[in-house]
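Engineer: Could you work out the structure for the sequence below:
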Amino acid sequence: MLARTKTCGLNGTLSVGSLDTNMSKKIGGLAILYYMTTTILAVLEGVALVITVQPGKRSDDKNDLAEAQRTNVTTADTLLDLIRNIFPPNLVQACLQQYQTVLSPPKANPSEQDLDLWDISSRFVDGTNLIGIVAASITFGVALSAVKNEAPVLLHFIQQLSVAVMKVTGWIIWLSPIGVLSLIAAKFLEMEDLAEVFGKLGLYFAVVVSGIVFHGVVVLPAIYFLLTRKNPYTFLLNMGQAIATAFGTSSSSATLPVTLQCLEEKNHIDTRITRFVIPIGTTINMDGTALYEAVAAIFIAQLRGIDLSFGQVLAVAITATAASIGTAAVPQGGLVTLVMVLDSIGLPSEDVSLIIALDWLVNRVRAVVNVLGDCFGAGIVAHYSRKDLENNPLECPKVIQDESSNELNNVTGKVNVS
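Structural biologist: All right, here's what the predicted structure looks like:
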């Protein structure tokens, strides 16, 4: 394992290290532009699909769940609250509470219907301000990266703290079946018509899976064809092993070695592109997850009989985009950040339990699309960087390339894709 890590790491370092600064900026800029564009498209597709089909809408006036506490807010208030929560005044408080604007009718005319005439106040409500924590973490991480040579002790401490937190998280995961069972049981007791809710969950499953598949086999190939004028489905078929691995492992991170092998050996993408673009994409490019979170949040609101305003739908879209970027590339990682999306429209975080039973299968489908998004991105970046790559040939010792190829084959040969 150590030898494999050293060889692959050395080859990746040589590949990326052979790029000059300007070329690295160009490749990185193209990759980020592509990732942001496809993620936003995925969210918009999900929002349009769930609003059109309305899988959680009832034909009568009853709600399938106990009604959530409603708050009267305007579109501007929703968006401004989202921005304010990005910059929390207190990080400790952000772990427990988030900012919320409150409108109350004027005392002189309690029956006033025009929200613009209502009194404005603010408060901190219970609920983790995840978007503020993510923003603060990114800022601190960038600062730490800039001074890592001057603060090695702090960097080492944070790395070890991360290991300890992951260990505690592992213990919690072992107990999670009990908690999940309790959450689902509590939701069942809230449901007025159990059979109808199950039917709506089936429709939700069809909507979210069809949306993810449409994005993966229609939208992404169309973007690839328009930008490169190459056959996207030949490219896609060459990624068959990576697709099978992503579906089997439910993780784009676990699929990384197979993804690199398919891109480099079957689609003939330059290693300097794959080793630079794919690890970034595995971390921040989650098209399937973004679409899923937008659909899930609006579906839950529909189950509760809540009609979302344009501002709230926009808040869902923005938060789903941001949450997908911060989602870990591991199985069921999207369930954690879905809480952030629910918080943005004032829905209880325990409503996540409604879709847990279906997530194990949905997660496999979105993992496949996450991987495909990374792969098509690498192909597009390689197409627009081909002249720069030709003018800057990779000079890498053959023995290292051969060793890396052998080690990569060993890794992929041990992956269970059944």
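Engineer: Which secondary structure element is home to the residue nearest the centre of the chain?
Structural biologist: For the chain, the residue nearest the mean C-alpha position is Ser324 (2.1 Å; Cα atoms, centre = their mean). Following DSSP states H and E, the helix or strand that holds Ser324 is helix 310-325.
Engineer: quick one: that helix to chain centroid distance?
Structural biologist: Mean C-alpha position of helix 310-325 versus that of the full chain (Cα atoms, centre = their mean, to the nearest Å) differs by 11 Å.
Engineer: and if you look at stretch 221-231?
Structural biologist: Worked out by Cα atoms, centre = their mean, stretch 221-231 lies 24 Å from the chain centre.
Engineer: again with stretch 364-377
Structural biologist: 11 Å.
Engineer: ok so, going back, so the residue nearest to the centre of the chain sits against Glu293, correct?
Structural biologist: Yes: using Cβ atoms under 8 Å, Ser324 is in contact with Glu293, at 6.5 Å. Any C-beta I mention is one placed from the backbone N, CA and C, and that applies to glycine too.
Engineer: Tally up the residues packed near the closest residue to Leu79 other than its chain neighbours, please.
Structural biologist: Excluding its sequence neighbours, the residue lying closest to Leu79 (Cβ to Cβ, 6 or more residues apart in numbering) is Gly311, at 5.8 Å. Gly311: 19 surrounding residues under other Cβ atoms under 10 Å.
Engineer: got it, and Met23?
Structural biologist: Around Met23 there are 17 residues (other Cβ under 10 Å).
Engineer: go on, Val165?
Structural biologist: Neighbour tally, Val165, other Cβ under 10 Å: 10.
Engineer: one step back: please name the residues that touch the residue nearest to the centre of the chain.
Structural biologist: 39, 43, 286-287, 289-290, 293, 334, 337 (Cβ atoms under 8 Å, 6 or more residues apart in numbering).
Engineer: Quickly note the distance from Ala254 to Ala357.
Structural biologist: 23 Å (Cβ to Cβ, to the nearest Å).
Engineer: go on, Val208?
Structural biologist: Separation of Val208 from Ala357 (Cβ to Cβ): 14 Å.
Engineer: More neighbours: which of those two?
Structural biologist: Set Val208 next to Ala357 and count neighbours by other Cβ under 10 Å: Val208 wins out with 28 against 13.
Engineer: wait, that one sits on Ala296?
Structural biologist: Yes: in this structure, Val208 is within contact of Ala296 by Cβ under 8 Å, at 7.0 Å.
Engineer: Please enumerate the strands of the stretch 101-250 of the chain.
Structural biologist: Along the stretch 101-250 of the chain, the segments classed as strands by DSSP state E, counting those that start in this stretch run 119-126.
Engineer: Thank you kindly, that will do.
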